[in-house]
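Trainee: Starting from these lines, generate the structure:
(chains A, B, C and D)
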Amino acid sequence: MVNLSVELGDLKLKNPVLTASGTFGYGEEYADFVDLNRLGGFIVKGTTLEPREGNDYPRMAETPSGMLNAVGLQNKGVDYFIEHIYPRICQYKSEIIVNVSGKCVEDYVTVCEKLSDLDRINAVEINISCPNVKQGGMAYGTTCEGAAEVASAVRKAWGRHMIVKLSPNVTSIADIARAVEDAGADSVSLINTLLGMAVDVERRRPYLSTVTGGLSGAAVKPVAVRMVWQVAKAVSIPVIGLGGIMNGHDALEFIMAGARAIEVGTANFIDPSVTMKIIDEITEFCERQGVEDINELVGII
Amino acid sequence: MVNLSVELGDLKLKNPVLTASGTFGYGEEYADFVDLNRLGGFIVKGTTLEPREGNDYPRMAETPSGMLNAVGLQNKGVDYFIEHIYPRICQYKSEIIVNVSGKCVEDYVTVCEKLSDLDRINAVEINISCPNVKQGGMAYGTTCEGAAEVASAVRKAWGRHMIVKLSPNVTSIADIARAVEDAGADSVSLINTLLGMAVDVERRRPYLSTVTGGLSGAAVKPVAVRMVWQVAKAVSIPVIGLGGIMNGHDALEFIMAGARAIEVGTANFIDPSVTMKIIDEITEFCERQGVEDINELVGII
Amino acid sequence: MANKKYMLDMTVTENKVLGSLYGLLKLVPSDGSKLPLTRAGQFVQVEIADSKTTYLRRPISVNYIDEATNSLWLLVRKAGEGTRHLTAASVGHKINVILPLGNGFSMDVKTSDRLLLVGGGVGVAPLLYLGYKLREAGCEPEFLLGARSAADLLMLEEFEKVGKVYCSTEDGSAGEKGLVTANSAFNTRYDRIYCCGPMPMMKAVAAVAKEKNIECEVSLENRMTCGLGACLCCVEKKADGHNVCVCTEGPVFNTKELPW
Amino acid sequence: MANKKYMLDMTVTENKVLGSLYGLLKLVPSDGSKLPLTRAGQFVQVEIADSKTTYLRRPISVNYIDEATNSLWLLVRKAGEGTRHLTAASVGHKINVILPLGNGFSMDVKTSDRLLLVGGGVGVAPLLYLGYKLREAGCEPEFLLGARSAADLLMLEEFEKVGKVYCSTEDGSAGEKGLVTANSAFNTRYDRIYCCGPMPMMKAVAAVAKEKNIECEVSLENRMTCGLGACLCCVEKKADGHNVCVCTEGPVFNTKELPW
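Mentor: As a prediction, this is how the structure comes out:
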């Protein structure tokens, strides 16, 4: 019997498999394909203080082994989440983590203060890396100062586990990671999407209404694994790895590179049951290689 | 009859299709598959002052729609190029561009001074973005100061066309581009490879002897197109686009995003005749859409 | 309330080529399980395996469900690499399908209602199954099918089995010459119009319906990713200014809900 | 001097399954053109179309060229997704192939030379064509084939058509029990050894050859990209400390050139 449970500091997960924000809705959308109680946890859609309509259509373009999105944090706002969504999903026995976004530092703080009333929310993922919004988002995530500013402000307002989600669109992601660690982050998750673009050559215009968007999917995996490896060597807090994980083998790449937990994102769009398969494949690998505890493999490289 | 000829400042190309350094050897390797005289030009392997053995094997790993390489600028040095290779290839009627690398600024300068004696070499591509060497390489390409230092030093020693090849592993490639423009670059080419990593899960070790390597191939195209679009808007010198171009359609994405010329790289490994097809496909597209001059499409977005 | 969704491996039992642009695939669940209850107007998400250039699933509307043979019919237009791959599937080939998805056309009809089902190009696909369902409900649906020319009028004989068929072709090579909105069918007074086809056609039909104050439902198509309402990529702006997912709130909308 | 290289679409005329791990593909140029002159020990680069997870070509050594049928034989081991895809190719399927690549085994032999061709696992592949070529040159090549067990001894009957065959299996299920280097074949004095197989086996054979001062050529395999000497990925360090491309300077090396 392999032990898959991991600890992100004070946050205990029954297994290292989480779902990435914005790719798994609020969990319910996948209930027909996934046993939500089997997940290590699921990270719900990016939540903001006010409701957001997001960007105009078109918001998606398929690319080689990947996709671009420009959703732009469409959501009904934190109050709606608290009143209407949380009551429905708090039944699930997996960790429910809320991804928090804001256009200014105060927004992040206020959203987290409101979430403090929800006893099933043991962790927030602070998104300072969304490439698809004009204000806030990636602007904070691309400088050590900006990242630290958000992290330390939230730290004062939020007593439970704080994950900070990092942008890969930087020269040194290790520096940003150190900055948020110093600012009080309990863990970091990476990578958010790479800023990309695709052109509809026949119509001579970009595929996305926003011209550029966030690249995700298998295509970005090598960049993500590299950054996880760099960050895991740079900080002492736990690292959550994501970026193009399609199967258990991919998940193990991140774990061996230094990730204590992983998030499955775009793969959910192609196989809505993929998270269950990934848990099974990680287990099989450990059994085959005689690994009794998944933690033995974390950062083995 | 469509006009495909383009001008990179003083450098005239019969068509916008170049081959990327390190993917096309010295041209000869492809002579059985390509009419080298039909190319806009070919950019020969990264050349350094001293011979270099490059990195240890393994140097390559396949990734989703891409590959990682860690060749590390293996080459016989500029003197060998001048004495043994140049005399063989100077017969070709396409522009021959030498990609120049160095571990210090003086190296770049000396190599360019030596190349000045070769009358068929109308341009050099200054590589400040190789991710696979310890000294120099990407170190220069990730700061405006480093990039400008190399560019201005070479500018003094090299009177002909100077292309500076930019690294995508930065927060703002537009800033780097402006810096090298101010330092006297005649054009910029981008993107070099994204720093990536792949793990051999069964053996619990990285696939590459250097752990990390350069990601290229179709997977990186969306990032490359985005950066070309950003840089073309930021500088007034011509932009040469590359990164995952597999066919004429891909080439046109870069051209419409702002590239005056393009480089074909990894695709040469999969279809050694791909450059000829790309020239044909660009021509067909222009004919079909009634474009008389390819320059009409440059930066149309 | 959305019905339960399934992910099934399905086996190709027939692949009929329709002209150079279209293919009709018939699929049965590989494990022999019965196809889930599916409403007319719902769609499926098809995995495109073994295609270097296709990463995501492709949404295809349900053309027909043959309960006798427990088979799903998909009318596919070769729009790109993914759909080209799909139409090339040989008999016996397995394809992974997620179904049923979306809301479907509303069936709150009276047997006395006169119903016109207007389709253009590959947009005729969902109207076949809808026609059968409306007959089951005791109605006598009529079809108005539009296309560039006779060659693009798809599955005509199948529609004629279900009800009266009017045709319009732009070149006049079949039925009346011109756009569907100019077809004499519109001289009749209908109680409801169901429409699926190119956006300009649907908007034109919606305009006619609005002017004549006829209930009109359209089935929208756009660039989808998950098909489950999770990714929020396939949004359409409704009349109230809010973005909704075509994959879950649609693909069928009453044109009153849309800012048309 | 390297011979001219071609990129050809080739049609699968036969695909024989050899156990669970291997496949034997026979291919002919789709346009009917004659196969280019190919030396024993050369290899080809095969494109893997329609595989989501395979991006690059796969290098496969020439197993045999049947001039009578103008067909190329490839013995393929299912090492990963790419080769698995290749071995699944059905008859009539088209595959794009670049050939001939690499240097090949040296043929400067005297008819009186005693030659031992040592192969292990899928490494036996190039030795079949080599055996035929050596017979053409008037020699009587002998084979020493090694494998884990009898089931992994590939194409035995084909080798027996060409010359005497010694076998070694680790479990003793065929031929002599143990490694090839322990085979009684080595009691004979050979003038040259040609070897292809797993690295440990080739190094062991090279050691034996060195000790007995026998000329020894090995065919190396490593991770290749272009196969043309352009990418410099597939390097091997030679005795002189310099990195050379296995795809152009090799795949065949005289063990004297290697730091073994």
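Trainee: for the chain, which spans come out with low pLDDT?
Mentor: No chain specified, so I'll use chain A. Under the criterion pLDDT under 70, the flagged ranges of chain A are A:134-137.
Trainee: not quite, I wanted chain C
Mentor: The low-confidence ranges in chain C, as defined by pLDDT under 70, are C:1-2.
Trainee: Measure how buried the residue of it found nearest chain D is and give me the count.
Mentor: Of all residues in chain C, C:Asp50 sits closest to chain D, at 4.3 Å by C-beta to the nearest C-beta. Placement of C-beta: from N, CA and C, glycine included. Here the count is done by other C-beta atoms under 10 Å in any protein chain shown, and C:Asp50 has 15 residues near it.
Trainee: can I see the domain layout of chain C?
Mentor: Taking automatic domain parsing as the criterion, chain C consists of the domains C:6-101, C:105-216, C:220-260.
Trainee: Next, the distance between the ends of the last one.
Mentor: What it means is domain C:220-260. Criterion C-alpha to C-alpha, to the nearest Å; first-to-last residue distance in domain C:220-260 is 13 Å.
Trainee: Alongside chain A, which residues does the stretch 1-150 of chain C contribute?
Mentor: Contact residues, the stretch 1-150 of chain C versus chain A (C-beta under 8 Å from any C-beta of the partner chain): C:Lys4, C:Lys5, C:Tyr6, C:Met7, C:Glu47, C:Thr53, C:Thr54, C:Tyr55, C:Leu56, C:Arg57, C:Ile98.
Trainee: The fourth one contacts C:Leu101, correct?
Mentor: No - taking C-beta atoms under 8 Å as the definition, C:Met7 is not a contact partner of C:Leu101, at 11.1 Å.
Trainee: which residues touch the closest residue to C:Lys256 other than its chain neighbours?
Mentor: Nearest non-adjacent residue to C:Lys256, counting by C-beta to C-beta, 6 or more residues apart in numbering or on different chains: C:Ala239, 7.3 Å away. Each residue near C:Ala239 by C-beta atoms under 8 Å, 6 or more residues apart in numbering or on different chains is listed here: C:Lys256, C:Glu257, C:Leu258, C:Pro259.
Trainee: Any chance of the backbone angles for C:Cys216?
Mentor: phi -140, psi 130 (degrees, to the nearest 10).
Trainee: can you pull up the bridge partners for it?
Mentor: Here C:Cys216 sits in beta bridges with C:Ile193, going by DSSP bridges.
Trainee: give the contact list for it.
Mentor: Contacts of C:Cys216 by C-beta under 8 Å, 6+ apart are C:Arg192, C:Ile193, C:Tyr194, C:Cys195, C:Val205, C:Ala206, C:Ala209, C:Lys210, C:Asn254, C:Thr255.
Trainee: Is the fifth one in a helix, a strand, or coil?
Mentor: The local conformation at C:Val205, judged by DSSP: H, G, I helix; E, B strand; the rest coil, is helix.
Trainee: can you tell me how far A:Gly102 sits from chain B?
Mentor: 21 Å (C-beta to the nearest C-beta, to the nearest Å).
Trainee: What of C:Ala125?
Mentor: 28 Å.
Trainee: circling back to that earlier point, and the residues of the stretch 1-150 of chain C next to chain A, which are buried?
Mentor: Buried members of those, counted by 16 or more other C-beta atoms under 10 Å in any protein chain shown: C:Lys5, C:Tyr6, C:Glu47, C:Thr53, C:Thr54, C:Tyr55, C:Leu56, C:Arg57, C:Ile98.
Trainee: Nearest to chain D: which residue in chain A?
Mentor: A:Ser65 (7.6 Å).
Trainee: Just flag the most distant two among the contacts of C:Cys216.
Mentor: Pairwise distances across the contacts of C:Cys216 (C-beta to C-beta) peak at 15.1 Å, for the pair C:Tyr194 and C:Lys210.
Trainee: need the helices for the chain, in chain order.
Mentor: Assuming you mean chain A. A:78-80, A:86-89, A:105-115, A:138-141, A:144-157, A:173-182, A:221-234, A:248-257, A:267-270, A:274-289 (DSSP state H).
Trainee: Chain C, not that one
Mentor: C:81-87, C:125-136, C:156-162, C:199-211.
Trainee: hey, which of these is tucked in deepest?
Mentor: helix C:125-136 (a mean of 24; mean count of other C-beta atoms under 10 Å in any protein chain shown).
Trainee: And it, what does it pack against?
Mentor: strand C:58-66, strand C:71-77, strand C:115-120, helix C:156-162, strand C:192-196 (3 or more C-beta pairs under 8 Å, 6 or more residues apart in numbering or on different chains; DSSP states H and E).
Trainee: try it again with 6 Å
Mentor: strand C:58-66 (3 or more C-beta pairs under 6 Å, 6 or more residues apart in numbering or on different chains; DSSP states H and E).
Trainee: For the strand it packs on, give me every contacting residue.
Mentor: Residues outside strand C:58-66 that contact it (C-beta atoms under 6 Å, 6 or more residues apart in numbering or on different chains): C:38, C:42-46, C:72-75, C:82, C:125-126, C:128-129, C:224, C:227.
Trainee: Report the angle between it and strand C:192-196.
Mentor: 130 degrees (axes from the mean of the first three to the mean of the last three C-alpha atoms, to 10 degrees).
Trainee: Excluding chain neighbours, what is closest to residue 99?
Mentor: Went with chain A since none was named. That would be A:Ser21: by C-beta to C-beta, 6+ apart, it lies 3.5 Å from A:Asn99.
Trainee: My question was about chain C, not that one.
Mentor: C:Val44 (4.0 Å).
Trainee: Please name the bridge partners of that neighbour.
Mentor: C:Ile60.
Trainee: what's around it, how many residues?
Mentor: By other C-beta under 10 Å, 26 other residues sit near C:Val44.
Trainee: ok so, going back, is the residue of chain A closest to chain D in contact with B:Ser65, as I believe?
Mentor: Yes - using C-beta atoms under 6 Å, A:Ser65 is in contact with B:Ser65, at 3.9 Å.
Trainee: near chain B, which residues of the stretch 51-200 of chain A show up?
Mentor: Contacts of the stretch 51-200 of chain A with chain B, taken as C-beta under 6 Å from any C-beta of the partner chain, map to A:63-65, A:68, A:142, A:170-171, A:194-199.
Trainee: hey, where'd the strands end up in the stretch 151-260 of chain C?
Mentor: C:165-169, C:176-177, C:192-196, C:215-219, C:235-237, C:243-245, C:252-254 (DSSP state E, counting those that start in this stretch).
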